[in-house]
Structures are given as structure tokens and as C-alpha cells.
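Enquirer: Next come a sequence and a model predicted from it.
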Amino acid sequence: MTSAPSSSSRRVSYFYDAEVGNYHYGQGHPMKPHRVRMTHNLVVNYGLYKRMDVFRPRLISPTAMTRFHSDDYINFLKVITPDNMSDYTRQLQRFNVGEDCPVFDGLFEFCQLYTSGSIGGAARLNDDGADVVINWSGGLHHAKKAEASGFCYINDCVLSILELLKKHERVLYIDIDIHHGDGVEEAFYSTNRVMTVSFHKFGEYFPGTGDVLDIGYADGKNYSINFPLNDGMDDESYLSVFKPVIGMVMERFAPGAVVLQCGADSLSGDRLGCFNLSVKGHAECVSFVMSYNVPVLLLGGGGYTLRNVPRCWTYETAVVVGEPIKDDLPFNDYYEYFGPDYSLHLPVSNMENLNSKEYLNRTKVQLLDILSDIEPVPGVQIQTGQIQSQINPRGINMEIDSSNSKDAGNGSSTSPDQRSDTRADGRKEHPAEFFSS
């Protein structure tokens, strides 16, 4: 294992579009895109943006989404609106849109925004423009090829992995959301080029998949790793299984890049979750993955207690850039949300941990046995395209212009109010955009 760079020397890029907070799933719906805007506001007011390259993602085309999703499904998402729903009753049922995944104003534009950040982030990693890329609006891991599921419409995790596979022989997907990452697992269930590892609540809980015995199929056998958990997981228990399993995965699979889905619904006190992790415990998983000195794409995901999600993702941003931040929250646009204590870290609850040490140890040993059956990666690089290896996936036609690195994507224009769109991965934010008038 190569030694990890110090967090201060880590090159971090951060993708954010201010529009993402404007979308609303509907009254009473637990998924609130506004949490991403709250997170960004905290990141800015803690001064963390100074340690990152901040980009506004360049919108991908609908065609790029069909790299994974079916044409019919993408075309449906493009045309459906709250006003014309009655004309599409059969398609609404076919594509599972309407209840958990409601139709709302600007639905397709919302999907484009969060997906563009993930694909743009993967492209930036491929170009070696960063060591770590963050897109807190992404991580919608339940969407299927032709079906919305669990508040997710487009599976940006799958699309970003496909982008990374253009360059990397092997990509690792890790999911610390409380829900099983079923959409991503299903997409790569029969390939050995992507390993999916999910730690999740299992048993009478959405989506109902992710049994320890679900290990992959055909070439992908042993490349899907699932750690089913019970209510009340605390930091100590979680890290006691996360670190050994991920350590073994890194050793045997040796990925060229990692996609880490950081769903915050595994935190204590989540509206839909039933784990008991602290913000520091959740972030320790991020820190552990970073220690392997492999390119990482950090995505958001679940998280339904509005005041806790920004706390978690802001702290994890600080961990990535290596900037210690105070527990007292800085004044920000949403300060009143964080009362009555206005602090970054909250105490966990006293709920019972239903995961016995015996169960965790038994399941851990079971998974380590599965991982030991994987053929270790050879020391020499595998040449893609040879008979015995799978061919690299065709690239997405993203109409990429040649990038202009000297001006960081702002073209030759000297005006901060004008940008020329020459970057494939996004447009660099002008410093003035960090301050609200």
C-alpha cells in the first residue's frame, strides 16, 4: 500500500449547483434537496471552500443517461409533468413513478443537476485533476435501468462508475447509507470489474435486498459484498466491521478508483433510519477509505433529518480537506435550523444495539472468507482488450471541448460575469459567487 498523502496536500474538487435546492418533492415528503443547499452554506461559512476547487457542473445530455437507463424511461422523465400526468397513467405504473418517487415541477432538470455533478466529478478524477471529488447532491443509489425507486430517478452512482471504467480496470463502490445500495449492485452483479460493498439495515426494511448470501453471479461471483445489520448500530460496532472488510477489499481487489456513497440516514436520530452513528463515526469511514491513497468520488445519498445532514456532510468535507473546524457552528443563512445548541456534533441516543458481537464477528468472518476466494490482482497491469480480459466500455459522447487549464475553465474572458464553457467537468465558480448579497 502506498502511503497516503497528507490531507493538506490532497487535491479536492467540489461540485455544486445552487439551483439544486430549489426543487421540492412535495408536501410531507421526507426527501428534501434543500439539505444540499444548507450543507453548501455551512461549507462556505466554515471557509472550507478555500481549500477546494469549486465547480458548477456542466449539464449532461439525456443521451449520456442512456449509458445505463433505457431510452423509454429517459424519454418519459423528460416529458412527464404534474400537469400531464393523467395522460401517462400506464407509464407511471410501468416506471414506478408517482408515490415514493413523485412527479414534481422540474423533475428532469433536477435529475440532470445531481447526475452531472457525479459524472463530471468522475471525469475530473479520470483527467487527474483531483485526488478527491465531492458531490453531495448525488448518491441516489436505488434507481434501476427502467424504474424509479426509493426517491431516486437517475442512478448517478452507476453512471459515474461507468465513467471511471473508461480509465480504470477496477472500480470499488462502497455504500454507508442505511438502505441497501440495490440499484448499483444490480447494475454490476455479473461483472468482476466493479465490486459493490454495502453496510445496511436488513429485515423488513426498504428495499428488502442485500442478504449476506447475495454475492454476485457469473463473472461477478464474490464481487458483491453485503453486510446486513440490525437496529442500533453504534460507532464502535460499525467500525469494527467496516475497517476489516474494506481493508481486505482494498488488498484483494485493489481498485483504481472508489465511489463512496455517504448516505446520512445511518446517523442517530434520522427520521427514517434506525442506526445510532455519530457524525464522527460516520466520517471515520470516509477517513479510512481516504487513507488508501486511491482516487475517491464522494457522493451524498439518504438523510432525512434536515438539521443533521448538513452537519454530517460539512464535517466530512472538513475531514477530506484536512481542516479542523470548531464545534460551534458559524452564523449562516439557516442558523435557526440548528438550535437549540447550534453545535456541529450531537450526542447519540441511548437506543439498544441489537447487533451482538457474536453476530457481527460471524458475518465478518463469512465475508472475509468470500473475499479470500477472489483471485488477487496481479502485480503487472492488465491490458484491457486482450482475450482474457473484458473490453473497456465505450466512452459517453459528451461533446467534450478541449479544456483550457490555464484559465481554470473561465475562457479568455476577463469579466467575472462571463464564462466560456470549455471544461468537460464543469465551470469554475467565480469567488464572488460564495457571498450572498
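Expert: Perfect, I can see it now.
Enquirer: need the strands for the stretch 201-350 of the chain, in chain order.
Expert: Here the stretch 201-350 of the chain has its strands, by DSSP state E, counting those that start in this stretch, at 224-229, 257-261, 296-299.
Enquirer: what do you get for the stretch 51-200 of the chain?
Expert: Using DSSP E, counting those that start in this stretch, strands in the stretch 51-200 of the chain cover 53-56, 132-135, 171-175, 194-201.
Enquirer: picking up where we left off before, export the strands of the stretch 201-350 of the chain to TSV and tack on mean pLDDT and distance to residue 203?
Expert: The C-beta positions use only the backbone N, C-alpha and C, and glycine is treated the same way. Output for these, formatted as TSV (pLDDT from 0 to 100; distance: least, C-beta to C-beta, whole Å):
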stretch	mean pLDDT	distance to residue 203
strand 224-229	98	7
strand 257-261	98	21
strand 296-299	98	26
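Enquirer: Deepest-packed of those strands, please.
Expert: Compared across those, strand 296-299 shows the largest average neighbour count, a mean of 28 (mean count of other C-beta atoms under 10 Å).
Enquirer: sorry, back to before: turn the strands of the stretch 51-200 of the chain into TSV, columns for mean neighbour count, mean pLDDT and distance to residue 304.
Expert: Putting these into TSV (neighbours: other C-beta atoms under 10 Å; pLDDT from 0 to 100; distance: least, C-beta to C-beta, whole Å) gives the following:
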stretch	mean neighbour count	mean pLDDT	distance to residue 304
strand 53-56	23	98	26
strand 132-135	30	98	19
strand 171-175	28	98	17
strand 194-201	26	98	14
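Enquirer: out of those, which comes closest to residue 348?
Expert: strand 194-201 (16.2 Å; C-beta to C-beta).
Enquirer: Other residues contacting that closest one?
Expert: 161, 165, 170-181, 184-185, 188, 210, 223-231, 238, 241-242, 245-246, 249, 253, 255, 273-275 (C-beta atoms under 8 Å, 6 or more residues apart in numbering).
Enquirer: Which residues are in contact with residue 230?
Expert: Here residue 230 is in contact with 201-203, 354-355, 359 (C-beta under 8 Å, 6+ apart).
Enquirer: For ChimeraX, what selects the buried ones among the residues you listed?
Expert: Buried members of the contacts of residue 230, defined by 16 or more other C-beta atoms under 10 Å, are picked up in ChimeraX with:
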select :201,202,355
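Enquirer: Would you check the contacts of residue 230 and say which has the weakest pLDDT?
Expert: Among these, residue 203 has the lowest pLDDT, at 93.
Enquirer: show me the contacts for that residue.
Expert: Shown in contact with residue 203 (C-beta under 8 Å, 6+ apart): 228, 230.
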